[in-house]
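Peer 1: Curious how this folds, go ahead:
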Amino acid sequence: MRKNSMRGSRANRARSKTISGEKGLPGEWNGHSGSPLSSLMDSLAFGVAIATHNGNLLYTNSYFLEMFGQPSRKVSSGSNLKSFVAAASWRPLQEAMFRGALETTDGEIKVPSSDNGLRTIRISFSPFLEASETIKITATDVTDLTSAQTALKLSKDSMNSLSARVLELQDEERRRLARDLHDTVGQEIVVVLMTLDTIARTWDKPDLSARQNLLEAVDWLRKVESEIRTFSYLLHPPLLDDMGLASALNWYMEGFSKRSGISVELSVPDNLPRLTLQAETALFRIMQESLSNVIRHSQSKQAWVRIKLEPHHLKLSIRDAGRGFDQTAHSGSGPSGVGIEGMRGRLRSLGGILDLQSGPHGTEVIATVPLRDGAAIRPDSVRARRQQKDGAAQAATGLAKRILIVDDHEVARKGIRFLLNDEDDLEICGEAQDGLEAFEKVQRLNPDLVILDLNMPGGGGFSAANRIRNAGLTPKILVYTTHTFPGLERIARAADCDGFVVKANATQDLIRGIRAVLRGEEFYSSLNAKTQNA
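Peer 2: Numbering: from 1, shown residues only. The predicted structure follows:
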């Protein structure tokens, strides 16, 4: 109990005179039901009682009795508050009542509840009638409020713990990336610099090994480029933005199986709709983390990833056939990333749920997210039928073919201009730096061919190709990219592009690719630059 300042005895004396004009308890307060004053007191949403300083009850309203678990409306003569409360609460309660005869005192007590638990009652004592040693009692049931405050504190503590874990993992990931960049890319660049420095110092008197050293430097740079690209893919796969979840999953499975030796069977419905980028990213990360746990803990050599469409929900399932784990032991922070709570947190913000089933024959993680209102379940294909057959809109023989270059890097656009500089039958009609500008210039310039980078701001290359085709525009599209994963050809075809050229192979492939595509053929650059013939 805690003691508050006294609230003026004058008010109490005035109240006493108004009610009865005598020192005893007024007749209206003797517990008689049916009187207007009694009905008024019973309508209050909190408990009211009048008692002596030692706990003998003189009057209570109905709500006061209900809070203390007393069924009868009438308080029999000699009833004492002591019989209503737990034994452990009586001593501090008695002390508070003695103080309450002199000044306002309030606090909280615990009383038994009907479900064999305890209810929390916030109670206040203050003087009622001067010289009568009577006190007035007000009581409010704050059990739900206390429970909510406790739950909020636990939730806040859990959130703080999770936030700290996220920051810790971010630091660990940064250290790992820094170490990998230093041990791989950094060391390889040092070798390239040493080789090029040697060539530069002997430039006036080149030895027989100069050409071989230069070729080795080129090979090292190709390796550096490949490793940097792999780092960028793992941080955020560009296909997720441009082509959606299905394409990103197909790409990741191919690389995952090669890196881990684990066979993964992927099942995705043909009519998979596009979700929001937040939802697709969350599902991709849950898949990525679940498969990482298969490597680290499951010891399974096979996994199954399945997407299932329901009328209003999408379910992603990741299942393995390895050893399970104790779910209670990993309920807070799993063995990978921020664990199960991290997965649940990703889905909770989307209105989704996570279900986890683990046993001696394997583990299955099931992520469920709601489909957007009005999102039709329709094929997730960006292919639009050409409005006319190849060759029907061919320009007259002898006219230069108009080419639009789309790349967000000036050095890349400059490189293309340099390669096309001596090609009299090829004309650069414009340039664009992102997907939105590309779409606008295709409409305005009507090029014969678009050379299209994939990873750009303002909409990536495949998103731009999608918009171009869905608008009924029919230029040839040649993807120009650093992406070199095996599924790229399949994805480029699905986007209704006519081929791709890997930037590392540009000197030998770009002109050949441009001419092949303009002839109505397809051209797909080799994914292995070393096998290309000059």
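Peer 1: okay, now His313: neighbour count?
Peer 2: Per other C-beta atoms under 10 Å, the neighbour tally for His313 reads 14. Every C-beta, even on glycine, is put in place using the N, C-alpha and C of the backbone.
Peer 1: Just confirm it contacts Ala367, I think it does.
Peer 2: No - counting by C-beta atoms under 8 Å, His313 stays clear of Ala367, with 10.3 Å between them.
Peer 1: Could you pull up the residues touching Val111?
Peer 2: Residues near Val111 by C-beta atoms under 8 Å, 6 or more residues apart in numbering: 67-69, 84-86, 89, 118-119, 121.
Peer 1: Weed out the non-buried ones from those residues.
Peer 2: Buried members of the contacts of Val111, counted by 16 or more other C-beta atoms under 10 Å: 67-68, 84-85, 89, 119, 121.
Peer 1: So which of these are in helices?
Peer 2: Counting by DSSP state H, those place 67, 89 in helices.
Peer 1: Then Arg402 would be within a strand, right?
Peer 2: Yes - under DSSP: H, G, I helix; E, B strand; the rest coil, Arg402 falls within a strand.
Peer 1: now it: how far from Glu168?
Peer 2: 54 Å (C-beta to C-beta, to the nearest Å).
Peer 1: So if I had to pick from these two, which one is more boxed in?
Peer 2: Remark: of Arg402 and Glu168, Arg402 carries more neighbours, 18 against 12, as counted by other C-beta under 10 Å.
Peer 1: what pairs with that one across the strands?
Peer 2: Counting by DSSP bridges, Arg402 is bridged to Glu427.
Peer 1: ok, now which ones touch the residue nearest in space to the middle of the chain?
Peer 2: Residue closest to the mean C-alpha point of the chain, counted by C-alpha atoms, centre = their mean, is Arg346 at 3.3 Å. With contact taken as C-beta under 8 Å, 6+ apart, Arg346 is in contact with 282, 285-286.
Peer 1: And the strands in the stretch 151-300 of the chain?
Peer 2: For the stretch 151-300 of the chain, the strands defined by DSSP state E, counting those that start in this stretch cover 263-267.
Peer 1: Give me the neighbour count for the nearest residue to Leu221 once chain neighbours are set aside.
Peer 2: Leaving out its chain neighbours, the residue that sits closest to Leu221 by C-beta to C-beta, 6 or more residues apart in numbering is Val192, at 5.8 Å. Using other C-beta under 10 Å, Val192 is surrounded by 17 other residues.
Peer 1: Repeat that for the one 5 residues further on.
Peer 2: For Asp197, the tally of surrounding residues (other C-beta under 10 Å) stands at 10.
Peer 1: Against Leu449, how distant is it?
Peer 2: 40 Å.
Peer 1: Over to Gln299?
Peer 2: From Gln299 across to Leu449, the span is 51 Å (C-beta to C-beta).
Peer 1: which of the two has more neighbours?
Peer 2: Counted by other C-beta under 10 Å, Gln299 and Leu449 do not tie: Leu449 has more neighbours, with 22 against 11.
Peer 1: Isn't that one up against Val517?
Peer 2: Yes - between Leu449 and Val517 there is a contact under C-beta under 8 Å: 6.4 Å.
Peer 1: what do the two both touch?
Peer 2: When contacts are counted by C-beta under 8 Å, 6+ apart, Leu449 and Val517 are jointly contacted by 476, 478.
Peer 1: any idea which helix is longest in the protein?
Peer 2: The chain, longest helix under DSSP H: helix 143-180.
Peer 1: and that one, what's its mean pLDDT?
Peer 2: In this model, helix 143-180 carries a mean pLDDT of 78.
Peer 1: pretty sure Ile135 is touching Ala51, no?
Peer 2: Yes - when contacts are counted by C-beta under 8 Å, Ile135 is listed as touching Ala51 (5.9 Å).
Peer 1: who touches both of the two?
Peer 2: Both Ile135 and Ala51 are in contact with Met97, where contact means C-beta under 8 Å, 6+ apart.
Peer 1: neighbour-wise, which of these two wins?
Peer 2: Using other C-beta under 10 Å, the more surrounded residue of Ile135 and Ala51 is Ile135, with 28 against 24.
Peer 1: Tell me if I am right that the more buried one is in a strand.
Peer 2: Yes - remark: Ile135 belongs to a strand, assigned using three-state DSSP.
Peer 1: dump the residue contacts of it.
Peer 2: Here Ile135 is in contact with 50-53, 97, 100-101, 125-128 (criterion: C-beta under 8 Å, 6+ apart).
Peer 1: so how far is Arg175 from the residue lying closest to it once chain neighbours are set aside?
Peer 2: For Ile135, ignoring the flanking residues on the chain, the nearest one in space by C-beta to C-beta, 6+ apart is Gly100 at 4.5 Å. Distance, Gly100 to Arg175, by C-beta to C-beta: 62 Å.
Peer 1: In terms of packing, which of these two has more residues around it?
Peer 2: Taking other C-beta under 10 Å, Gly100 and Arg175 do not tie; Gly100 has more neighbours (26 against 10).
Peer 1: Now stretch 483-499: average pLDDT?
Peer 2: Per-residue pLDDT over stretch 483-499 has a mean of 80.
Peer 1: what about that stretch, start to end distance?
Peer 2: End-to-end distance of stretch 483-499 (C-alpha to C-alpha, to the nearest Å): 13 Å.
Peer 1: Run through who's touching it.
Peer 2: With C-beta under 8 Å, 6+ apart as the criterion, stretch 483-499 contacts 226, 229, 233, 238-239, 243, 247, 250-251, 254-255, 381-384, 452, 454-455, 462, 465-466, 469, 476-479, 481, 500, 502, 504, 513, 516-517, 522-525, 527.
Peer 1: PyMOL command for the buried members of those?
Peer 2: A single PyMOL command is used to select the members of these judged buried by 16+ other C-beta under 10 Å:
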select buried, resi 229+233+238+239+243+247+250+251+255+382+384+452+454+455+462+465+466+469+476+477+478+479+481+500+502+504+513+516+517+522+523+524+525+527
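Peer 1: Filter the contacts of stretch 483-499 down to the ones in helices?
Peer 2: Residues of these located in helices (DSSP H): 226, 229, 233, 238-239, 247, 250-251, 254-255, 462, 465-466, 469, 513, 516-517.
Peer 1: if we can go back for a sec, so which of the contacts of Ile135 would you say is closest to Arg259?
Peer 2: Phe125 (71.7 Å; C-beta to C-beta).
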